[in-house]
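Q: with the sequence up front, the predicted model follows.
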Amino acid sequence: MSDQKHSTNAMENDDTSHQRIGELLINEGLINQEQLAEALEKQKHSGGKTFEILLRLGHLDKDKLHTMLSKQPGVASIDLSRMNLDKDIIKLIPHEMALEQLVLPIDRLGKLLTVAMACPLDTHTIRQIESMSGLRVKAMLCRLDDIVVAVESLYRQRESQEMSIESLGIAVSDARTQTRTAIKDKVDAFDFKVPESIARNLIDAAADARVSLDKLSGMLEVDPVTLFQVLDVVNSPMFGMTANIDTSAKAMVVLNKKGVSSLFRIHIENNATLKQEWSLLSEQAVRCGAVASSLVEDLGIAAHKNEVRCAGILCWLGRFALMELAYPKYKFINHDLIGVALCEEERKLFDVTHSEVGEMLIQRAGLCDRLANVVRFYTSPGEAESQNELLAMLSNIGAHAAVWKDTHNEAGLAACNEYMKTLGINHEDVKKALLIAEKTEKTLLK
């Protein structure tokens, strides 16, 4: 009977945990009702923890969150930086779960497992650990930065993997301060993996006689990573087309359906899974490309529509790379930042920006110089080479519009007023392009 009661209470806590943490934050004056509603709406769409989303949106300060949690009844705190942690006990929780859920096993006494957590009120994660381990779990509060560092340090040591904590771009504070990571040194060896679900979808489409080459070509633009993988392959010396193919439509002429199927079977074997952030960034990338290509028609240069769309999508490529190379720290960057503001935040944390990483990847793949230049300078089009400035401006407007669609903050569109004025475009033109972009988004991401 007691077990049943415990299970029922746990379920009730799980169902109300998102509401509970939100209410606590509001009661403490750390966020307001509108900010919580925004976070919960994003949570419905892309998943994730309430406090993580609030941190990403810039609505919540991680130190104030820690202080608030430390005041809650029954919550005990622990300083991981002062502990000698057992490298063997970590096998009780898989690395991926520890990193994703921000939890670390630190002690076991009989059937009692003590874990450090960034949020001990996360009853769902506690129940998962209890179910998986068969142990009763006692959760203790620790600082977010400390648990990220400890998880990566301990698991990497145990698994003897090549990538160390430095390659993840996690800055260690206080007594354990280390030199900030040079992520750009890792880009040359970095290999994207298309998630299995996307790869299977493309393989199935390639085998379906009802799916035209045009339709399949559009499906290759589902996100920057998938598009980049295709362009990387078709621009390789084996096809004799180095630096000549810059759109998915041209790539389909080279690959055809059989080639697409062969390419993505490799990614089935990689068994890569979707991170929660993948969906949100994919939507913004597709939206950016669709808005930019729609505006091209208004400018009377529709012949370049495919090129503009693919360039706009690839402007997000560096963000996907940083999401992998600097995970999980990158997921705490506000996804509503764009342009110069985003680059400034990335520079502060990683000493490199997504636009620089995107350029490195495109150059490494041997794609055309025009694409590399646009991806590098779409955040500041005036610095692009003169022949690429138009394409960079369109991508900049598309990027701000893509984020504005989520935030409805007019200041976001105002950030690219200079480029809109240069091209003779106004806010209404951009919003009209967004409506057209929604159709593309629904088709690709459904």
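A: In hand now; what should we look at? Residues are numbered from 1 along each chain as shown.
Q: which SS state does Asp246 fall under?
A: Here Asp246 is recorded as coil under DSSP: H, G, I helix; E, B strand; the rest coil.
Q: contacts only, for it.
A: Leu231, Glu307, Cys310, Ala311, Leu367, Cys368, Arg370, Leu371 (Cβ atoms under 8 Å, 6 or more residues apart in numbering). Bear in mind the C-beta positions are built from the backbone N, C-alpha and C, glycine included.
Q: in JSON lines, list those residues along with pLDDT and neighbour count.
A: Shown next, in JSON lines, are the contacts of Asp246 (pLDDT from 0 to 100; neighbours: other Cβ atoms under 10 Å):
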{"residue": "Leu231", "pLDDT": "93", "neighbour count": "25"}
{"residue": "Glu307", "pLDDT": "92", "neighbour count": "22"}
{"residue": "Cys310", "pLDDT": "95", "neighbour count": "27"}
{"residue": "Ala311", "pLDDT": "96", "neighbour count": "28"}
{"residue": "Leu367", "pLDDT": "91", "neighbour count": "23"}
{"residue": "Cys368", "pLDDT": "91", "neighbour count": "17"}
{"residue": "Arg370", "pLDDT": "93", "neighbour count": "19"}
{"residue": "Leu371", "pLDDT": "94", "neighbour count": "27"}
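Q: worst-scoring helix or strand of the chain, pLDDT-wise?
A: helix 2-27 (a mean of 54; mean pLDDT, DSSP states H and E).
Q: follow-up on the earlier one: the contacts of Asp246 in strands, which ones?
A: In strands, judged by DSSP state E, none of those are found.
Q: so which of these are in helices?
A: Leu231, Glu307, Cys310, Ala311, Arg370, Leu371 (DSSP state H).
Q: of these, closest to Arg210?
A: Cys310 (24.8 Å; Cβ to Cβ).
Q: what about the residue nearest to that closest one when sequence neighbours are not counted, neighbour count?
A: Closest residue to Cys310 apart from its sequence neighbours, by Cβ to Cβ, 6 or more residues apart in numbering: Thr247 at 4.8 Å. Using other Cβ atoms under 10 Å, Thr247 has 23 other residues around it.
Q: do the same with Glu297
A: Counted with other Cβ under 10 Å, residues neighbouring Glu297 total 13.
Q: check contacts around it.
A: Residues near Glu297 by Cβ under 8 Å, 6+ apart: Lys305.
Q: before we move on, what SS does it have?
A: Glu297 - assigned by three-state DSSP - is helix.
Q: begin at 15 from now on, thanks
A: I'll keep to 15 as the first residue from here, and by that count the last item is Glu311.
Q: now, among the ones in helices among the contacts of Asp260, which is nearest to Thr393?
A: Ala325 (13.4 Å).
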